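K.L.:
The following comprises the amino acid sequence and a computationally predicted model.
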Amino acid sequence: MKTARLSSRLLAPLLVLAAVAAHGEMRGLDDSEMADVSGQDGVSLSVNFNLAANPGDTRCTGGCGARLAIQPLNSTGYIVLDNIKGTFSFDGMSIDMVTINNGFNGDGALFNRQAMKIGLTNASATNLQFTLGGANQGKVSGSGLQQTNLLTYQATGAVKLTGNVYVFGTP
């Protein structure tokens, strides 16, 4: 019995030391080291967002959907996606940096800069609804909210989304 207790006391620190020795180093790579890296696997992502109104938790009769408010740089107003309801899902995602230097009816050559290309595999939206608008504040809980709704989109059933989204930086 005493021998077993002694060996377990020695075994635990040895296992910790072995784990530390086997642990890989996490550090940044400089450009010359990155030039040697190719064909590495990435992360696979599968997402299913279900945005459903809960009438008990909202100010709206029948329930409000989600709200996303974005305040552009140097702006006092907000771009708002309001009353977002429905399900959005995709089974895979790719993110890549690409150089846009041709196409787009001749505008690509004039642009000649990098953009982030986001691709979603098997993307779809079901029973999607949202309102696009402009507002003077991001939150709806405060007084003095002024919002101008520009359009409301509603699709009953499933909508399949294909293609890529490009995100362009501004100079």
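P.N.:
Looks like it came in fine. Numbering: from 1, shown residues only.
K.L.:
Low-confidence regions, the chain specifically.
P.N.:
The chain contains residues with pLDDT under 70 at 1-26, 38-44, 53-63, 171.
K.L.:
Mind listing residues that contact the helix or strand hosting Met116?
P.N.:
Met116 is part of strand 113-121, with elements assigned from DSSP states H and E. Defining contact as CB atoms under 8 Å, 6 or more residues apart in numbering, one finds that strand 113-121 is touched by 90-100, 161, 164-169. C-beta here means a position set from N, CA and C on the backbone, and glycine is covered the same way.
K.L.:
swap the cut-off to 7 Å and go again
P.N.:
90-100, 161, 164-168 (CB atoms under 7 Å, 6 or more residues apart in numbering).
K.L.:
Buried subset of these as a ChimeraX selection?
P.N.:
If you want just the buried ones from the contacts of strand 113-121 in ChimeraX, going by 16 or more other CB atoms under 10 Å, the selection is:
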select :90,93,100
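K.L.:
how about the helices of the protein, start to end?
P.N.:
2-22, 31-34, 107-111 (DSSP state H).
K.L.:
who touches Leu45 in this structure?
P.N.:
Leu45 neighbours (CB under 7 Å, 6+ apart): 92-93.
K.L.:
how about a cut-off of 6 Å?
P.N.:
Residues near Leu45 by CB atoms under 6 Å, 6 or more residues apart in numbering: Met93.
K.L.:
Please apply the same query to Val159.
P.N.:
Contacts of Val159 by CB under 6 Å, 6+ apart are Ala125.
K.L.:
what bridges to Gln147?
P.N.:
With DSSP bridges as the criterion, Gln147 is bridged to Ala135.
K.L.:
By neighbour count, which bits of stretch 106-126 are buried? Give me those.
P.N.:
For stretch 106-126, by 16+ other CB under 10 Å, it's 115, 120, 123-125.
K.L.:
okay if I get those as JSON lines plus distance to Leu132?
P.N.:
Formatted as JSON lines, those follow (distance: CB to CB, whole Å):
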{"residue": "Ala115", "distance to Leu132": "23"}
{"residue": "Leu120", "distance to Leu132": "20"}
{"residue": "Ala123", "distance to Leu132": "19"}
{"residue": "Ser124", "distance to Leu132": "20"}
{"residue": "Ala125", "distance to Leu132": "15"}
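K.L.:
how much space is there between Gly86 and Gly144?
P.N.:
30 Å (CB to CB, to the nearest Å).
K.L.:
okay, these two: which has more neighbours?
P.N.:
Between Gly86 and Gly144, counted using other CB atoms under 10 Å, the more crowded position is Gly86 (20 against 6).
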